[in-house]
Structures are given as C-alpha cells and as structure tokens.
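Participant: Dropping a prediction and its sequence here:
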Amino acid sequence: MAALTGTMSWFCCGNSWGPCGTAGHGACGTCNSGSFQHAWPNASAACFNITRPDACGVTMSRRGCGFRHYTTNRCNGKRVGTTIADCGPQTDLWCGERACCGSVCGTNRIVDLTPAAYSQIASLSSGLQPCSVDTV
Amino acid sequence: MTENLDRRRLLTSAVVGSAALAGATALGSLAPEAAFAAGEQAIEPGAPDPNFAEGRITGISAGMLFVTGSDTALWRIRITGGTSIWKLRPTTFEQVAVGDGLYARGLRLPDGTLAADSVWVNIVNVHAHIAAIGRNLLHLDHKGKRIVGHLVPGTSAARYNNTPAVSDMSMLRVGKHVQVIGAWVPDTNEVQIATVYANA
C-alpha cells in the first residue's frame, strides 16, 4: 500500500486535566494520552459516517481498534508507530486545508496522534503538520 | 551518531552531574520545534511511553517539577538549561507554577526522574465551534461545554486554511469550527489562545 499523505494533529484521551478532563478513553476504550496511539477516520462504519474523508476525496482503508500505523512527520522525517484507539479526526470539517513547512505540504486531516506519539515526532505547540501514514 | 542523539546524551550527562550543559545549545536549537526526542522508537506501538509524562504540578524545587499524573502516577521532572518550556509561548522555568498542567518529553533516568527535553505547560488542543465573538474573546462550544478563549495581543494568531499565521482574527465567524492551540488557565473553563486554525 502506498503511504497516505495529509496532515496530522494531536488529541488528548484518558484521564487528564483541563478541557481534556472529560475526554474518556476513546471509541476503542483503550486510549491514553501517554501511550503511542492514534485516532483513525475509518475505524468502523459508524466512525466513517461521522468523519467522511471521502467528502474530501480521501480514500482510506477501514481498520479497527489496535491496528498498527506508522506516521511520518514530513517536515523532519521522524516517524512513530501507533495503534488505533479512537475515531477521528473529522476530516470532512477541514476539506482542502493544508499545512506546510517550506515547500512540503499536506492536504486534509488524516490522523490524530496522542500527545505521547505526536511529541515523539513534532512539538505539541505546532498543532498541525504535513504527514504520511503507512502500515510498515 | 545523530545530532539529536548527541544532544540527549549530553543532556543526560548533565543531569547526572558529569558534564556542563552550557554546551548543549552548540548542538542546535533548543526551541520546542527542535527539542523533542529523537532516535528510533523503542516503545511498542500502543504501549505507554516511559519517556513521556502528563499531569499537574504539585511542587517545584531546585529545578525539579513534582507532578501527579492524571492516572495518579508520581513524576519527578528535572528541568535543565537545555529544557525547552512552552506556556502559551516559549518561556522560562520561572513562569511555571504549582497547579499547572503539563506534558513533558525527555529521557527517563535510572533514578526514575525524567530529564526533560521539552515541557508544554497547560497546553490544550481544542476542537470546537465558535458560539460568540467578543472583544479579544472567543466563546467556544466544546463537547457541549463552554470554553472562553482569550486573544492575547502580540501572541494570538490565526491560520486560515493554508495561510501563514496572522494576527487578523476578522475572518473568524460564529458557528464555524476551529481548532485552538492554547494555554489553559488552571481550574477554569478559560484558555489563552496561541493559534486558531480555521477553515475559512
């Protein structure tokens, strides 16, 4: 499978403080901010019906809880392996949105990483970065 | 050997007292964007990362943050001259306070402390809808609850789709969805806004 390119952000889950305090453990019931996990827009049929990446022209495979993906920050080449623990991002709310660093750009939100995973490959303060997602 | 690995080893050495950290900046930027951990991933996908901490600060002493994790884990996070600290913007250790929430990434040492490369204080990443707009205020609906976002002159910025960050907030609209990177004001429903992402 060719890598899927787009943008990545981060989200909190599990026990937490502040506005994240009510986040819960995600659609899979296993999500924790301190673990190497991610949200995937096509984690189930019900999930897909909410996130609708197809509305932005993005085709992505259905993969369930625990499936392993590898996300690469295209700004610096750093990569992190994570498992699906939640449904998201809601891709259709952001159709056409781009994030760039220099001439490297990603379009459409395709993955949200936990803070532990995102901070492995980018600064949390960066918020949104171009990325690619692969299975190996 | 990579630059980042060099940096981490130097940081660790400095923490255990065998090297002067003054040379750390010679290895590269210590800005948040550059200071996060590097190297091959040793942690299994799906597993907790021992080099990452989360929680609220219960004590501060001699360059150490005492943190109680939201899962009740107790952390001792060592701040060094090489640690990058973000609290709404890149800042200094003096701005960190008891009661603040944080995420920290670094290197777990044999004594159990986390030698921090980066600490993000009170950082939140909120996906919400704009319920109302006031003078230097955004009222946000977030999962059925109201969050008051304060625009901080000179700091807050907006990114509209693929534009660079700008200080002009005039394209924000009530009812639109936004993503907000900001700093939570502890024990309130308020955040100070660093960046608003809007699909204008």
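Facilitator: Looks like it came in fine.
Participant: Helices along chain B, start to end?
Facilitator: Using DSSP state H, the helices found in chain B span residues B:3-15, B:32-35.
Participant: Could you do chain A as well?
Facilitator: Using DSSP H, helices in chain A cover A:45-51, A:115-121.
Participant: Residue ranges in chain B under the pLDDT threshold?
Facilitator: Counting by pLDDT under 70, the ranges of chain B that qualify are B:1-40, B:200.
Participant: Please spell out which residues along stretch A:90-106 are buried.
Facilitator: Across stretch A:90-106, burial judged by 16 or more other C-beta atoms under 10 Å in any protein chain shown covers A:Gln90, A:Thr91, A:Asp92, A:Leu93, A:Trp94, A:Cys95, A:Glu97, A:Arg98, A:Ala99, A:Cys100, A:Cys101, A:Gly106. Using the backbone N, CA and C atoms, a C-beta is placed for each residue, glycine as well.
Participant: Just the C-alphas of it, formatted as PDB.
Facilitator: Provided in PDB are the C-alpha atoms of stretch A:90-106 (Å, rounded to 0.1, in the frame of the first residue of the first chain):
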ATOM      1  CA  GLN A  90     -13.400  14.600  11.500                       C
ATOM      2  CA  THR A  91     -11.800  15.000   8.100                       C
ATOM      3  CA  ASP A  92     -14.900  16.500   6.300                       C
ATOM      4  CA  LEU A  93     -14.800  19.600   8.500                       C
ATOM      5  CA  TRP A  94     -11.500  20.600   7.100                       C
ATOM      6  CA  CYS A  95     -11.600  19.600   3.400                       C
ATOM      7  CA  GLY A  96      -8.800  21.300   1.400                       C
ATOM      8  CA  GLU A  97      -7.000  22.500   4.500                       C
ATOM      9  CA  ARG A  98      -3.200  22.500   4.000                       C
ATOM     10  CA  ALA A  99      -0.300  22.600   6.400                       C
ATOM     11  CA  CYS A 100       3.200  23.300   5.000                       C
ATOM     12  CA  CYS A 101       6.800  23.600   6.100                       C
ATOM     13  CA  GLY A 102       8.700  25.200   3.300                       C
ATOM     14  CA  SER A 103       7.700  23.500   0.100                       C
ATOM     15  CA  VAL A 104       6.400  20.300   1.800                       C
ATOM     16  CA  CYS A 105       2.700  20.400   2.200                       C
ATOM     17  CA  GLY A 106      -0.100  18.100   3.300                       C
END
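Participant: mean confidence score for that stretch?
Facilitator: Stretch A:90-106 carries an average pLDDT of 94.
Participant: residue contacts, B:Leu151?
Facilitator: Contacts for B:Leu151 (C-beta atoms under 8 Å, 6 or more residues apart in numbering or on different chains) come out as B:Asn136, B:Leu137, B:Leu138, B:Met169, B:Ile193.
Participant: and it, what are its bridge partners?
Facilitator: B:Ile193 (DSSP bridges).
Participant: ok, A:Val133 - how many residues close by?
Facilitator: 20 (other C-beta atoms under 10 Å in any protein chain shown).
Participant: where's it relative to A:Val80, distance?
Facilitator: 11 Å (C-beta to C-beta, to the nearest Å).
Participant: Just the closest of the buried residues of stretch A:90-106 to chain B, please.
Facilitator: Distance to chain B across the buried residues of stretch A:90-106 (C-beta to the nearest C-beta) is lowest for A:Arg98, with 3.6 Å.
Participant: picking that back up, what's the farthest-apart pair in the buried residues of stretch A:90-106?
Facilitator: Farthest pair in those (C-beta to C-beta) is A:Asp92 and A:Cys101. Separation: 24.6 Å.
Participant: tell me, what residue is most central in chain B?
Facilitator: B:Trp120 (1.9 Å; C-alpha atoms, centre = their mean).
Participant: residues in contact with it?
Facilitator: Contacts for B:Trp120 (C-beta under 8 Å, 6+ apart) come out as A:Ser119, A:Ser123, A:Leu124, A:Ser125, B:Pro32, B:Trp86, B:Lys87, B:Leu102, B:Tyr103, B:Ala104.
Participant: Which residue comes closest to A:Ala27 once chain neighbours are left out?
Facilitator: A:Cys87 (4.3 Å; C-beta to C-beta, 6 or more residues apart in numbering or on different chains).
Participant: What is the neighbour count of that neighbour?
Facilitator: When neighbours are counted by other C-beta under 10 Å, A:Cys87 comes out with 22.
Participant: hey, what's it bridged with?
Facilitator: A:Cys87 has these beta-bridge partners by DSSP bridges: A:Trp40.
Participant: And B:Ile123, by the same measure?
Facilitator: Beta-bridge partners of B:Ile123, as defined by DSSP bridges: B:Ala183.
Participant: so it touches A:Ser126, yeah?
Facilitator: No - B:Ile123 lies out of contact with A:Ser126 (C-beta atoms under 8 Å); the separation is 10.9 Å.
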